[in-house]
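Visitor: give the three-dimensional model of this entry:
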Amino acid sequence: MRRLLASGSALRLRERDAFWDRRGRLLGHGPDLSDSASIDVDRITLRILLAEAVGDALHLGRGVSGVGHDDHGAPRVLFTDGAPLSADLVVGADGTHSVVARHLAGGPTNDPAGIIGFSGRTHRRDLGPGERRRLGPRSGLAIGPRGAALYVGFLDPVGNTALDAPELRMSVTTAPTYIWGAMFPESTSTDSLRGLRGGELQAALLGRFRERGWAEHTLEVIARADPHSVAAFRFNAASTRAEDLAPWPAGRITALGDAVHATPPTAGMGAGAAIRDAAGLLTHVSAAADGAVTLTDAVEHFEAGMRRRGSEVLTLAMKTVRWILATDTTLGAAATLVSTPVLAAAARLRH
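Guide: Prediction:
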């Protein structure tokens, strides 16, 4: 945990989040973060920390082809490239396209959310002075008509470290960096971008924003990104209804995280929700190990809590998704064009 804090960027040390229009005009601010206990952690850094903690028990490069039970009724995992493995408990933490959750649910546990996302990383020092000033040491979201949106997340695990312990630091991000995410409604044209890579994808993405009338300076964070960091992916989402999540009877095979409650990144809570799931599972399984409850009862209690957590996070994430998609309608596009100049003028008056 100390390594995690030493490698994370404390929200309380950054400025309030900002909301922009496609011209880069300020529309408003998010809540005061000065009392926030939350931290931002680079996803790659998180994986490294978790892998180090697991140690020699982590086996990479093994593909899971299915799950079931052996002749003694114990859970069993089948591999594409190795002998089956039986266990007391099998937990599928295998993401949106989970083999384990699909087996338990009898089908997919989520659907496309209607948005294609594009992500990349840009060092703050690579931006011009104007954009460094406008974006600032904070995160921001800009939404324009026709479903175009750009989130720019600020990460500085060294300057804004949650724990000043350089000897424990493992962050792969060592300079102030914007980790951005662009979003467009899913369509034949946007889906075709998923086949592009690097600089080719970067150029195509910039072209889409320009077609939608975005000011050139607002696209600088994309234009000056490391081309190797630019990637495309589809947003998937599970149901926001708690009762729809983990729709199977409790047993000695279960799942957690995106395998159960696949969450679009629009809430920034997907990995955090999975970690909370894991902590809940540990608490309940420990009670079973002490003999207080059976293992099946422990899993049942865990899944009940996971359904509530998953529903809460999904509800938050889908609010932004629906907001973006609403601007892609005729009425939504017109309302966005009319309202943003008014909001920008009001923001100038407040300041």
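Visitor: burial check on the closest residue to Gly63 other than its chain neighbours, number of neighbours?
Guide: Excluding the flanking residues, the one nearest Gly63 by CB to CB, 6 or more residues apart in numbering is Thr80, at 3.9 Å. Using the backbone N, CA and C atoms, a C-beta is placed for each residue, glycine as well. A total of 9 residues lie near Thr80 under the criterion other CB atoms under 10 Å.
Visitor: could you do Leu60 as well?
Guide: 5.
Visitor: repeat that for Leu89.
Guide: Other residues close to Leu89 by other CB under 10 Å number 17.
Visitor: check the one 10 residues further on too.
Guide: For Val99, the count of nearby residues is 19 (other CB under 10 Å).
Visitor: now swap in Asp32 and tell me
Guide: Asp32 has 10 neighbours, counted by other CB under 10 Å.
Visitor: ok, it touching Arg14?
Guide: No. Assessed by CB atoms under 8 Å, Asp32 is found out of contact with Arg14, at 11.3 Å.
Visitor: show me where the stretch 51-200 of the chain has strands.
Guide: For the stretch 51-200 of the chain, applying DSSP state E, counting those that start in this stretch gives strands covering 64-69, 75-79, 82-86, 90-92, 111-123, 140-143, 149-155, 177-185.
Visitor: now the first one: buried residues?
Guide: Yep, that's strand 64-69 we're talking about. For strand 64-69, the neighbour count (16 or more other CB atoms under 10 Å) marks 64, 67 as buried.
Visitor: what lines up beside it in the sheet?
Guide: Take DSSP bridges as the rule and strand 64-69 pairs in its sheet with strand 75-79 (antiparallel).
Visitor: give me the distance from the partner strand to the chain's centre.
Guide: Strand 75-79 has its C-alpha centroid displaced from the chain centroid by 29 Å (CA atoms, centre = their mean, to the nearest Å).
Visitor: contacts for it?
Guide: Here strand 75-79 makes contact (CB atoms under 8 Å, 6 or more residues apart in numbering) with 62-70, 84-90, 252-253.
Visitor: now the helices for the stretch 151-300 of the chain?
Guide: For the stretch 151-300 of the chain, the helices defined by DSSP state H, counting those that start in this stretch occupy 188-191, 198-211, 220-223, 258-261, 270-289, 295-326.
Visitor: would you reformat those helices as CSV and include mean pLDDT?
Guide: Output for the helices of the stretch 151-300 of the chain, formatted as CSV (pLDDT from 0 to 100):
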stretch, mean pLDDT
helix 188-191, 87
helix 198-211, 96
helix 220-223, 98
helix 258-261, 98
helix 270-289, 95
helix 295-326, 96
